[in-house]
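Peer 1: need coordinates for the below:
(one chain, ligands or ions: 3)
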Amino acid sequence: SYRKGGYHAVRIGDSFASGRFIAQRKLGWGQFSTVWLAYDTQTSKYVALKIQKSAPEFVQAALHEIEILSAIVENDPKNEKCVVQLVDHFKHRGPNGQHSCMVLEFLGDSILHLIRYNRYKGLNLIKVREICRCILTGLDYLHRELGIIHTDLKPENILLLSTINPSKDPIRSRPTPILERSEASLKGEVAVNAIEKKLKQRAKRAVAKIAAERRGAIGAVAKPDRCLDGIDFRCKIVDLGNACWANKPIAEEIQTRQYRAPEVILQSGYSFPVDMWSFACTAFELATGEMMFAPKPGQGFSEDEDHLALMMELLGKIPRKIAIGGLRSKDYFDRHGDLKRIRRLKYSSISRLLVDKFKFQETDAREFAEFLNPIFDFAPDKRPTAQQCLRHPWLHQAAAKTVA
Ligand code: ATP
Ligand code: MG
Ligand code: MG
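Peer 2: Ligands and ions are numbered 1, 2, ... in the order given. As a prediction, this is how the structure comes out:
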């Protein structure tokens, strides 16, 4: 991908925007871009520099993302809405072409990392509530104040706030001699933020523990996320590359498979409620460590059909009117509203699953299910809005319990 029209190759110490930003280390990458930790010499702060591939379709996509990000930052001057902020944007010419660059506020690890570091055990419900409150604050802002649908909400696209400066001693120029250079990149590597550090220690201990268990040294597994205690879990919604204005939806097929709403599969038209569906899938995953729906194609049925079957097994039958109301309904359902190729469903419920499989206490399971179930309504317009969810007692219970 590092060729004409593709990614721009960056070396540590490279400068951008006439020397204003200095690349420190790579933070991540995606289909469209590479993202770098950069030092802003004008404000003496760290930023995330997203450097888009240079082919025309990527330039176009960047323009769209910048338009959305600009609306987000313009209407949130106090930076309190839990959506990533755009600091600046510019173009950068390199050997592979002209690259759109977005300068974003620097954030920490994604909550997908959090789930992984926690060995897919699920976070405790106090933390789940904190994260849910942030995501809902962000969604309420996007939906109600801006009219934007995110369309790709998932744990990977929720980033924790970075708590400390990555390094007090930024790299200011490209270190040329090899020795100096490896030293400089080491510095960048060492400079992980506090949460990352704690999580990594935890992961290390967990690995050591598993090894010890395998040797038969220890019996029971320790409580999963004790070492995450005391960390304030604030986070922000990122990756607005697929976001759209609700009054001009772009794509037909939106959302990452596992977080996709039924109306998208059925093609019955979509709006803000698709984000609410993905939000509920994300909340479930945070609390259990496992994806809510992980459909697979099978013999005689497609991935879409498996997905619809899994939804019905957990949430109840899709009302006939909804099942047969989409452009693609005929591919999946007969005229009675029954799946054509998957006949026998094993019905359960969220609260039963939480107790039986994930060993939740009855009350915790019931209360969490009461929060999730209305969001998983098959009728999109019956789903509560982000604003309504924010008022749900389940989100405010934690504070009361902690104080008491
Ligand atoms: P995708 O294929 O997911 O659309 P993309 O090219 O649009 O990818 P992003 O998802 O925006 O790129 O960013 C890629 C990765 O860079 C993220 O998964 C994350 O690890 C990291 N990243 C993005 N923005 C930031 C930020 N503001 N602060 C820290 N890291 C970030
Ligand atoms: Mg992404
Ligand atoms: Mg993107």
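
Peer 1: use CA for all of it now, contacts and neighbours both
Peer 2: OK.

Peer 1: now whichever residue of the chain sits closest to ligand 3: how far from I51?
Peer 2: Closest residue of the chain to ligand 3, Cα to the ion: G241 (4.1 Å). Distance of G241 to I51, given as Cα to Cα, to the nearest Å: 13 Å.

Peer 1: are stretch 64-73 and ligand 3 in contact anywhere?
Peer 2: No: Stretch 64-73 does not reach ligand 3 (Cα under 5 Å from the ion); its nearest approach is 8.4 Å.

Peer 1: if I look at the residue most central in space within the chain, how far off is Q388?
Peer 2: Centroid check for the chain by Cα atoms, centre = their mean gives N157 as the closest residue, at 2.5 Å. For N157, the distance to Q388 (Cα to Cα) stands at 22 Å.

Peer 1: hang on, the earlier thing: more neighbours, G241 and I51?
Peer 2: I51 (26 against 18; other Cα atoms under 10 Å).

Peer 1: can you map out the helices along the chain?
Peer 2: With DSSP state H, the ranges of helices along the chain come out as 56-74, 111-117, 125-140, 178-190, 194-214, 262-266, 273-288, 303-315, 320-323, 329-332, 350-356, 362-372, 386-390, 393-403.

Peer 1: between those helices, which gets the lowest average pLDDT?
Peer 2: Note on the helices of the chain: lowest mean pLDDT is at helix 178-190, with a mean of 40.

Peer 1: using neighbour counts, pick out the buried residues of stretch 158-171.
Peer 2: Neighbour-count burial for stretch 158-171, counted by 16 or more other Cα atoms under 10 Å, picks out I158, L159, L160, L161, S162, P166, S167, P170, I171.

Peer 1: can you add distance to F58 and give these back as CSV?
Peer 2: Formatted as CSV, those follow (distance: Cα to Cα, whole Å):
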residue, distance to F58
I158, 23
L159, 23
L160, 27
L161, 28
S162, 28
P166, 30
S167, 32
P170, 30
I171, 29
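
Peer 1: and the residues you listed near ligand 3, which?
Peer 2: Among those, ligand 3 is touched by none when using Cα under 5 Å from the ion.

Peer 1: which one of the residues you listed is nearest to G269?
Peer 2: Closest approach between the buried residues of stretch 158-171 and G269, by Cα to Cα: I158, at 25.5 Å.

Peer 1: the nearest residue to the closest one once chain neighbours are set aside: neighbour count?
Peer 2: Closest residue in space to I158, ignoring its immediate chain neighbours: I237 at 4.7 Å, by Cα to Cα, 6 or more residues apart in numbering. A count of nearby residues for I237, using other Cα under 10 Å, gives 27.

Peer 1: contact partners for the one residue in the stretch 301-404 of the chain that gets nearest to ligand 1?
Peer 2: Proximity to ligand 1, evaluated over the stretch 301-404 of the chain using Cα to the nearest ligand atom, is greatest for E303 at 21.6 Å. With contacts defined as Cα atoms under 8 Å, 6 or more residues apart in numbering, E303 is in contact with P295, K296, P297.

Peer 1: stretch 343-351: end-to-end distance?
Peer 2: Terminal residues of stretch 343-351 lie 24 Å apart, using Cα to Cα.

Peer 1: sort out which residues of it are buried, please.
Peer 2: For stretch 343-351, a neighbour-count test (16+ other Cα under 10 Å) marks I350, S351 as buried.

Peer 1: tell me which residues are up against that stretch.
Peer 2: For stretch 343-351, the surrounding residues in contact (Cα under 8 Å, 6+ apart) are A309, M312, E313, L314, L315, G316, E362, A365, R366, F368, A369, N373.

Peer 1: same check on stretch 6-14?
Peer 2: Against stretch 6-14 from outside (Cα under 8 Å, 6+ apart): 1-2, 22-25, 33-34, 51-55, 94-96, 99, 171-175, 185.
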